[in-house]
Every structure is written in structure tokens, then in C-alpha cells.
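In: coords below, sequence missing:
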């Protein structure tokens, strides 16, 4: 019989092998809070994860910077070529 003083977790849970006071892993997943990682950025661009400044080597930072520059430059070249191709197809279609 379901009594209002009994919690549903205890009512539907089977017999515990390890003792009444020990909590099972399944119960912990729902009852304990989840830690959310806090990410912030300083004015100078440094990344702060959970109150700790994320340290990166100079090599890693330069690699990211240079790769970003190369990717941006390549994207500009591709966009310019696409615009030229669009213009050339428009002029060919207008001649016909």
C-alpha cells in the first residue's frame, strides 16, 4: 500500500543488498547536482575556466593565429573567384 510518508524512490526500489543507508549509483545521478563548467574571457583575451586561467604555450597561440589568418585569406580568395565566375556566366548569358 502506498503511504504518503513513504517516498516513491523507496517504495519502488527493490531490496538493498549493501545496507539501508548506502546510496546506489542510480540514486546519486538524480539527487546530486551537476557541476556546470563556468567559462569566462578576460579583457586581454585569456580564457578562465572555473576561476583558473587556462595556460597555453606561445607555440600553440601562434599556430592558432597563423592558421586563422591562412584560413581567412583562403576564404577571401575563394569568394573572389566565385564572384568572377558569376560575373563571367552573367556576361555570357547576356550575349546569347
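Out: Looks like it came in fine. All values derive from a computational prediction rather than experimental measurement.
In: Helices along this protein, start to end?
Out: With DSSP state H applied, the chain shows helices at 8-12, 25-31, 58-95, listed in chain order.
In: which helices and strands does the last one pack with?
Out: Packing contacts for helix 58-95, counted by 3 or more CB pairs under 8 Å, 6 or more residues apart in numbering; DSSP states H and E, involve no helix or strand. C-betas here are computed from N, CA, C, even on glycine.
In: how many neighbours does residue 64 have?
Out: 11 (other CB atoms under 10 Å).
In: what does residue 47 give?
Out: The number of residues near residue 47, taken as other CB under 10 Å, comes to 13.
In: Surely it is in contact with residue 55?
Out: No. With contact defined as CB atoms under 8 Å, residue 47 does not count as touching residue 55 (9.7 Å).
In: where does residue 37 sit relative to residue 52, distance-wise?
Out: 11 Å (CB to CB, to the nearest Å).
In: Next: residue 44.
Out: Going from residue 44 to residue 52 by CB to CB gives 16 Å.
In: So, low pLDDT: which residues of the protein?
Out: Scanning the chain for pLDDT under 70 picks out 1-33, 92-96.
In: let's see it at 50
Out: Scanning the chain for pLDDT under 50 picks out the ranges 20.
In: what's in contact with stretch 54-64?
Out: By CB atoms under 8 Å, 6 or more residues apart in numbering, the list of residues contacting stretch 54-64 from outside reads 46-48.
In: ditto for stretch 44-53
Out: In contact with stretch 44-53 (CB under 8 Å, 6+ apart) are residues 37-42, 54.
In: Now the two most distant members of the residues you listed.
Out: Using CB to CB, the contacts of stretch 44-53 span at most 16.7 Å, a distance reached by 37 and 42.
In: So those two - more neighbours on which side?
Out: Higher neighbour count among residue 37 and residue 42: residue 42, with 9 against 6, using other CB under 10 Å.
In: Contact partners for that one?
Out: With contacts defined as CB under 8 Å, 6+ apart, residue 42 is in contact with 48, 53.
In: Tell me how far it lies from residue 60.
Out: For residue 42, the distance to residue 60 equals 17 Å [CB to CB].
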